[in-house]
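1. Would you be able to build a 3D model of this:
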Amino acid sequence: MDQVPVVDLSKDEQAVVSSIKFALETYGFFYVLHHGVPPDLVSSMLHQSRLLFDLPQHVKESLSPFDPLLGIGYQGGSAQLLDKHSQKEADAKEGICFSSNAALPGGEWDEADPLANTQQQWPDEDTLPGFRPAAEQYFRALYRLQHRLHLLVDNAAGLNGVLAAHCTRPFCVLKPLRYAGTLSDPSRGRFGAGAHCDWGSLTLLATDEQRGLQIYLEEVGEWLDVPPKPGCFVVNSGDLISRWTNNSARSALHRVLIQAPQPRYSLAFFVYPDLGAVVAPAPHCVGPDRPPLYEPITVQQYYNLKIADSMQK
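-> Reported below is the predicted structural model:
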């Protein structure tokens with residue numbers, strides 16, 4: 001268990017499914033290669049994110065308030081505390097969110113365009129020219145990729161179509177992040193992002209060249225680095241996959257340690273299945289010797305509980 005596996009999506013589908021199955025059961029994380037998202041698109045979005053976070057604070061604050069239920073808006077530093085047990089300080093990061101919030105109950109969902117009929121907090125074109133088209137293009141590319149990955153994960157996790165059936169109207173949140181160049185010190189409770197599990201089904205992550213992401217290996221009680229790999233996204237399964245599979249697929253604890261005195265940039269794309277879907281261990285994942293580990297809950301209920309718990313009080 002010395003490194004997270006790389007899944008090459010250009011290979012035979014059965015080989016891909018087998019690789020994802022191993023990754024889900026062993027790490028809860030994997031890299032994806034040959035995913036179809038142009039490298040220039042990722043680079044452009046990272047560049048635009050740097051420009052956005054370099055704006056004066058009052059301009060960034062104008063993209064507030066952060067609306068956690070819609071998944072939009074700017075979150076300044078000290079907004080989140082993801083690990084209340086170990087952290088003495090809030091996460092050393094700021095972010096801004098854009099989402100497919102037409103997927104919310106009562107929204108006017110457009111299957112052809114996840115950003116249609118949505119509410120967003122876009123920076124003005126005069127203030128940050130090119131940001132909105134770059135973000136929209138990136139969002140739509142990641143939306144297509146998440147659909148492909150959900151079908152593969154459904155197969156790999158042995159969910160027999162349960163996951164795929166509940167991903168027809170997914171709630172997706174794109175969150176560009178800037179971690180402050182404040183060195184992390186776990187002994188003092190200081191982290192870029194405290195230890196946590198993701199709350200949805202899948203997260204797709206792109207970062208700059210800086211290391212920082214780590215996952216916890218329960219079997220050995222150690223943290224494993226997940227460094228950036230050229231041409232790859234980092235993908236991890238979240239709590240909802242773990243709940244549907246009755247813990248056969250992992251929702252891995254992970255954190256970010258800032259290891260250099262300079263900002264670190266990343267692009268997190270969080271995916272939640274249909275918000276009205278009821279999540280409970282699938283029937284074929286339970287039995288006399290494998291009792292259900294979770295009570296039923298809707299995706300919306302779980303999201304609301306977790307987002308409220310993560311906010312700095």
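
2. Strands of the stretch 101-250 of the chain, start to end?
-> 171-179, 193-196, 202-207, 213-217, 222-225, 233-237 (DSSP state E, counting those that start in this stretch).

3. among these, which is nearest Phe29?
-> Closest to Phe29 of these is strand 233-237 (Cβ to Cβ; 4.5 Å). Where you see a C-beta, it was placed from the backbone N, CA and C, and this is true even at glycine.

4. For Ser100, give its distance to Glu136.
-> 11 Å (Cβ to Cβ, to the nearest Å).

5. what sits in contact with each of these two?
-> Jointly contacting Ser100 and Glu136 under the rule Cβ atoms under 8 Å, 6 or more residues apart in numbering are Leu115.

6. quick one, which of those two is more surrounded?
-> For Ser100 versus Glu136, neighbours defined as other Cβ atoms under 10 Å are more numerous around Ser100 (27 against 17).

7. What backbone torsions are found at that one?
-> Phi and psi for Ser100, reported as degrees, to the nearest 10, are phi -90, psi 60.

8. how close does it sit to Ala116?
-> 9 Å.

9. any chance you could map the helices in the stretch 101-250 of the chain?
-> Residue ranges of the helices in the stretch 101-250 of the chain, as given by DSSP state H, counting those that start in this stretch, are 131-156, 162-165, 239-244.

10. The shortest one: which residues count as buried?
-> By that I understand helix 162-165. Val162, Leu163, Ala164 (16 or more other Cβ atoms under 10 Å).

11. same question, stretch 209-224
-> For stretch 209-224, by 16+ other Cβ under 10 Å, it's Gln210, Arg211, Gly212, Leu213, Gln214, Ile215, Tyr216, Leu217, Trp223, Leu224.

12. tell me the two of these that are most distant?
-> Longest span within these, Cβ to Cβ: Gln210 and Leu217, 21.9 Å.

13. what mean pLDDT does stretch 292-312 have?
-> Mean per-residue pLDDT for stretch 292-312: 88.

14. contacts for that stretch?
-> In contact with stretch 292-312 (Cβ under 8 Å, 6+ apart) are residues 68-69, 78-82, 90, 105, 166, 171, 196, 199-200, 239-240, 243, 246-247, 272-281, 286.
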